[in-house]
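J.: need coordinates for the following:
(one chain, ligands or ions: 2)
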Amino acid sequence: MSLGTCGRYELVRRIGAGELAEVFAARRPSTDGRDHPVAIKRLLPHAAANPALVGMFEDEGRLAMRLVHPNICRVYGLEQDGETPFLVMEWIPGASLRDLVERSSSRGSLPISLAIRICSIVAGALDHAHLIRDSHGRGLGIVHRDVAPPNIMLGIDGGVKLLDFGLAKARTQLHRTQPGFVKGKFGYLAPEQLQGLCDVRTDVFQLGLCLFEALTGCRVFPQDTAAETVAALGEYRAPPSARALRPDVSPEIDAVVARALAPAPNDRFQDARAMRAALDSTLRPLGHAADQLALAAFVSAHFSSGDTVEEQIDRVTAELEQRRRRPILLVLMLVLLAGALGLAAYSGYRHYVRERGDHAGETVRPSVNWEQLQRDH
Ligand SMILES: Nc1ncnc2c1ncn2[C@@H]1O[C@H](COP(=O)(O)OP(=O)(O)OP(=O)(O)O)[C@@H](O)[C@H]1O
Ligand SMILES: [Mg+2]
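T.: Ligands and ions are numbered 1, 2, ... in the order given. Coordinates of the predicted model:
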């Protein structure tokens, strides 16, 4: 079934959906005749009908376009499909950390070194964004606010990319407008966000939640509803121990988790760079078990038929090519059908004319009575 188009892009595959938007793999039209797969993130109808959310989605999309870093998903543009805005992004073949944790808990845990490496890379991406300055050297004060496992993509090439920078403000607005709404990511708020406070240490806390989940397969705030999560956050006094759930987590790693997850921002790592350094120092004794190749092998083993990124892109490109050819084939078939019908109609007509001609000969041909004629004259 065709997914249709979004603006000037042809939608190929639906990758996923969240509360605000749905994500597609799509074809970007190009002048060089080659198909370029991209990811499209389009607001869902209920969000597109809310002008405040649309405004925020657009503002934050523009902000995301400024972020250029190897571990942040590139946002190429903000476009319109009728009234609905959508983002055009880099497409990352792979799986989210949420998928990976879910899949690996059913087959044993995620290796500790990989969990730490992923979070260390995300800390580096956050640090980059936190420190971005404008042309006058003033800090832009960028905070992600929505660091959560579905927003951390792991490519089958072993790359790690943080998604959805800046879209969290829109999410907060949605929650405000829909009290009591049950949501997947409410469990990734930091305690101070309940008071409307938020700074880079909020991202540190949220990354701590991701680290805890990657190490243990368990969520720190597993409550189902917003009300329950708010209550649990209000009563949050001490960080949980990952080591208590997984004994092979070293005390040093547990200390990093505890520091990131300190209830008071002042007791946490004061920025993402400090958290990254602490994570890296726990990685060193684990050796090279957590390099990009190891992550690529792990993601491929859990999520793909062994295809490389190039093969995945080739597959989507082939799918696109096939779709592009489909209308041409259809037109060809229609032309052939029309030709066959035309021929049939023509020969039918010829037959009719011949038949009609024979009868006409019988009726119209003058029947001259020569004897009568001679008598008359
Ligand atoms: N650029 C991308 N490339 C590949 N997959 C992506 C990309 N962006 C998003 N995804 C996938 O699509 C899924 C849905 O993304 P989306 O941001 O809409 O929802 P979410 O993050 O799960 O929820 P929320 O609405 O709470 O943000 C993600 O979990 C991820 O697996
Ligand atoms: Mg997301």
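
J.: could I get the CA-only coordinates of the helix or strand harbouring I116 as PDB?
T.: According to DSSP states H and E, I116 maps onto helix 112-130. Presented in PDB, the C-alpha positions along helix 112-130 are these (Å, rounded to 0.1, in the frame of the first residue of the first chain):
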ATOM      1  CA  ILE A 112      28.200  -3.300  30.600                       C
ATOM      2  CA  SER A 113      30.900  -1.800  28.400                       C
ATOM      3  CA  LEU A 114      28.400  -1.100  25.600                       C
ATOM      4  CA  ALA A 115      25.900   0.500  27.900                       C
ATOM      5  CA  ILE A 116      28.600   2.800  29.200                       C
ATOM      6  CA  ARG A 117      30.100   3.600  25.800                       C
ATOM      7  CA  ILE A 118      26.600   4.600  24.400                       C
ATOM      8  CA  CYS A 119      26.000   6.900  27.400                       C
ATOM      9  CA  SER A 120      29.500   8.400  27.100                       C
ATOM     10  CA  ILE A 121      28.900   9.300  23.500                       C
ATOM     11  CA  VAL A 122      25.500  10.800  24.300                       C
ATOM     12  CA  ALA A 123      27.200  12.800  27.100                       C
ATOM     13  CA  GLY A 124      29.600  14.200  24.400                       C
ATOM     14  CA  ALA A 125      26.700  15.100  22.100                       C
ATOM     15  CA  LEU A 126      24.900  16.900  25.000                       C
ATOM     16  CA  ASP A 127      28.100  18.700  26.000                       C
ATOM     17  CA  HIS A 128      28.500  20.000  22.400                       C
ATOM     18  CA  ALA A 129      24.900  21.300  22.400                       C
ATOM     19  CA  HIS A 130      25.000  22.800  25.900                       C
END
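
J.: next SSE after that helix?
T.: Remark: after helix 112-130, the chain's next helix or strand is strand 152-155, criterion DSSP H and E.

J.: circling back to that earlier point, and the helix holding I116, what does it pack against?
T.: Under the contact definition 3 or more CB pairs under 8 Å, 6 or more residues apart in numbering; DSSP states H and E, helix 112-130 sits against strand 152-155, strand 160-162, helix 200-216, helix 272-283, helix 292-303. (Glycine included, C-beta is placed from N, CA and C.)

J.: hmm, try it at 6 Å
T.: Using 3 or more CB pairs under 6 Å, 6 or more residues apart in numbering; DSSP states H and E, the elements in contact with helix 112-130 are strand 160-162, helix 200-216, helix 272-283.

J.: stretch 211-231: end-to-end distance?
T.: 22 Å (CA to CA, to the nearest Å).

J.: what residues are up against the residue in the chain that ligand 1 sits nearest to?
T.: The nearest approach of the chain to ligand 1 comes at G18, 1.9 Å away (CB to the nearest ligand atom). By CB atoms under 6 Å, 6 or more residues apart in numbering, no residues touch G18.

J.: how far away is it from S30?
T.: According to CB to CB, to the nearest Å, G18 stands 29 Å off from S30.

J.: cool, and P149?
T.: P149 sits at a distance of 33 Å from S30 (criterion: CB to CB).

J.: how about the residues of the stretch 151-300 of the chain near ligand 2?
T.: Applying CB under 5 Å from the ion, we find that the stretch 151-300 of the chain lies next to ligand 2 at 151, 164.

J.: quick one on the thing from earlier: angle of the helix holding I116 against helix 292-303?
T.: With axes from the mean of the first three to the mean of the last three CA atoms, to 10 degrees applied, the angle from helix 112-130 to helix 292-303 works out at 110 degrees.

J.: figure out how far helix 112-130 is from the centre of its chain.
T.: Distance, stretch centre to chain centre, for helix 112-130: 20 Å (CA atoms, centre = their mean, to the nearest Å).

J.: residue ranges with poor pLDDT in the stretch 151-300 of the chain?
T.: Where the stretch 151-300 of the chain drops to pLDDT under 70, the residues are 166-185, 287-290.

J.: now for the residue in the stretch 51-200 of the chain that ligand 2 sits nearest to: which residues touch it?
T.: Taking CB to the ion, ligand 2 has its nearest neighbour within the stretch 51-200 of the chain at D164, 4.1 Å off. By CB under 6 Å, 6+ apart, the residues touching D164 are 146, 151.

J.: which one of P149 and S30 is surrounded by more residues?
T.: Neighbours around P149 and S30, counted as other CB atoms under 10 Å, are more numerous at P149. The numbers are 21 against 9.

J.: just to check, that one is in contact with R98?
T.: Yes: using CB atoms under 6 Å, P149 makes contact with R98 at a distance of 3.7 Å.

J.: may I have the phi/psi pair for the residue of the chain closest to ligand 1?
T.: Backbone geometry at G18, expressed as degrees, to the nearest 10, gives phi -120, psi -150.

J.: same thing with R74?
T.: According to degrees, to the nearest 10, R74 has phi -70, psi 140.

J.: domains in the protein, by residue range?
T.: If you go by automatic domain parsing, the domain ranges for the chain are 1-91, 93-314.

J.: how about those domains, which one is nearest V353?
T.: The closest of the domains of the chain to V353 is domain 1-91. By CB to CB, the value is 44.7 Å.
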